[in-house]
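# Could you work out the structure for the sequence below:
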Amino acid sequence: MYDVMNGVRVIEVAEHTYVPAAAMVLADWGADVIKVERAQGGDASRHMRLPGADGRVNPFFETGNRGKRGIALDLTQAAGREQLYRLIEDADVFLTNLRADARVKLGIEPQDLLKRNPRLIYARGTGYGVHGAMANDGGFDYPTAWCRAGAAYNQTLPDEPPPKQPGSIGDLTGGVTLAGAIAAALFRRERTGKGAVVDNALYMVGTYLMSQSLLATSIGVPTIPIETQKDSSFALANNYRTRDGRWLTICLLMEKWWPDFVTHIERPTLLSDPRFKDAASRHANSRALVGELNEVFATRDYADWCERFKSLEGVWAPIQSPAEVLADPQALENGFISAVDIDEHSQYLVGVSPAQFDEQPIGKLTAGPSFGEHTDEVLREIGLTDTQLTALRDSGAIR
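Model prediction:
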């Protein structure tokens, strides 16, 4: 982890991925993050399972929770809430994604916690914002950030169902942007001493990701059309299938890259073809060019094209599998993929949170906590004795 948040204590009362991912980013940056889970059952993401996983590592939990300490409190009991309040008194940041009715019931609304600690940065992640008819509605990544915000609509082809997401795009983008907002609020507090309430919402994340299409629609300009590979109106920003059934993508947005691309694919006749003489002509005859390029890419295997395009002036990329990403030298040498220690003998690999400091990779990372792993350790830090811990555990206020 990094040291830019050393000395910052973060208390999290959140589940699933979105807001826990924000706290995880703060842990990556050096904060001491204490995850508070329900004494009965813990974070719901603990109970989600990926088919084929061996049970030692739960990707649904780990991708939002590595590097934290974990405690279990029953916040429905006064004794459990009191331990949370004591933690808040010395904390810098509090994060939650519980819905408004739950926050009120548990006494963790901003006014409840800022009364205990006026310097607190209170961060709240919601599905649809804190105002309006949907303010207390639950939200999840795909329906809230992807479908309601327009991404699924813009990717839906005629007579086809809307596409599914490849991963938790709204959750993870929302997490890292919420972490950045918290960092900004902490910076202001260092200047002014003033705490803050920071809000983010999955629907807000989705509308931000779709801001180009929303802007275009607002001024009456057609957004990017929904096209098939063969019907693309921009042949030089398209995907192409290789002889062995793999895919590459090219993104040649600059006119000066066209001659070099033609040289690399060994089709010099394309330079003299009047249909493709300049960018305007290639755009007007895009479908014809797609046809030509489909034939070209089908003449060589994926590995051959990847080797050939290493010297290409323009931008391209192999369409890689997750296994290939984990072994990609470019990702590994830059520290974009890192090992996370489960215990002394085992690790898993993961994509790190997207920021680096002092030109260094993130360094040592540790897996998420087991359920209630650090309850005694953390509560001893705020002064509880073994006798008090036993009494709280016997009453069910802690686990």
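# For the chain, which segments count as strands?
Counting by DSSP state E, the chain has strands at residues 9-13, 32-38, 69-73, 93-96, 121-126, 196-201, 237-241, 247-251, 315-318, 337-341, 347-351.
# Quick one: closest of those to residue 391.
strand 69-73 (14.1 Å; C-beta to C-beta). For every residue, glycine as well, the C-beta is placed using N, CA and C.
# Kindly export the closest one (C-alpha atoms) in CSV.
Provided in CSV are the C-alpha atoms of strand 69-73 (Å, rounded to 0.1, in the frame of the first residue of the first chain):
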residue,chain,number,x,y,z
ARG,A,69,-9.7,-4.7,9.4
GLY,A,70,-13.1,-6.2,10.1
ILE,A,71,-15.3,-6.1,13.2
ALA,A,72,-18.9,-7.3,13.7
LEU,A,73,-21.4,-5.1,15.7
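# Please tell me how far that strand is from the chain's geometric centre.
Its chain's C-alpha centre and that of strand 69-73 lie 23 Å apart, by C-alpha atoms, centre = their mean, to the nearest Å.
# That strand versus strand 32-38: what angle between them?
Interaxial angle, strand 69-73 versus strand 32-38 (axes from the mean of the first three to the mean of the last three C-alpha atoms, to 10 degrees): 30 degrees.
# Buried residues, strand 69-73. List them.
69-73 (16 or more other C-beta atoms under 10 Å).
# Surely residue 203 and residue 125 touch.
No - contact criterion C-beta atoms under 8 Å: residue 203 and residue 125 do not qualify, at 11.1 Å.
# So which of those two has more stuff around it?
Higher neighbour count among residue 203 and residue 125: residue 125, with 26 against 22, using other C-beta atoms under 10 Å.
# I'd like to know the beta-bridge partner residues of that one.
Here residue 125 sits in beta bridges with residue 200, going by DSSP bridges.
# could we number from 50 for the rest of this?
Sure, I'll start counting at 50 from here, so that last one is residue 174.
# okay if I get the strands of the chain as JSON lines plus mean pLDDT and distance to residue 130?
Formatted as JSON lines, the strands of the chain follow (pLDDT from 0 to 100; distance: least, C-beta to C-beta, whole Å):
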{"stretch": "strand 58-62", "mean pLDDT": "98", "distance to residue 130": "11"}
{"stretch": "strand 81-87", "mean pLDDT": "98", "distance to residue 130": "11"}
{"stretch": "strand 118-122", "mean pLDDT": "98", "distance to residue 130": "8"}
{"stretch": "strand 142-145", "mean pLDDT": "98", "distance to residue 130": "13"}
{"stretch": "strand 170-175", "mean pLDDT": "98", "distance to residue 130": "16"}
{"stretch": "strand 245-250", "mean pLDDT": "98", "distance to residue 130": "20"}
{"stretch": "strand 286-290", "mean pLDDT": "98", "distance to residue 130": "53"}
{"stretch": "strand 296-300", "mean pLDDT": "98", "distance to residue 130": "52"}
{"stretch": "strand 364-367", "mean pLDDT": "98", "distance to residue 130": "50"}
{"stretch": "strand 386-390", "mean pLDDT": "96", "distance to residue 130": "32"}
{"stretch": "strand 396-400", "mean pLDDT": "95", "distance to residue 130": "34"}
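# Now render those as CSV, adding distance to residue 321.
Shown next, in CSV, are these (distance: least, C-beta to C-beta, whole Å):
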stretch, distance to residue 321
strand 58-62, 63
strand 81-87, 62
strand 118-122, 67
strand 142-145, 61
strand 170-175, 57
strand 245-250, 54
strand 286-290, 22
strand 296-300, 21
strand 364-367, 24
strand 386-390, 44
strand 396-400, 45
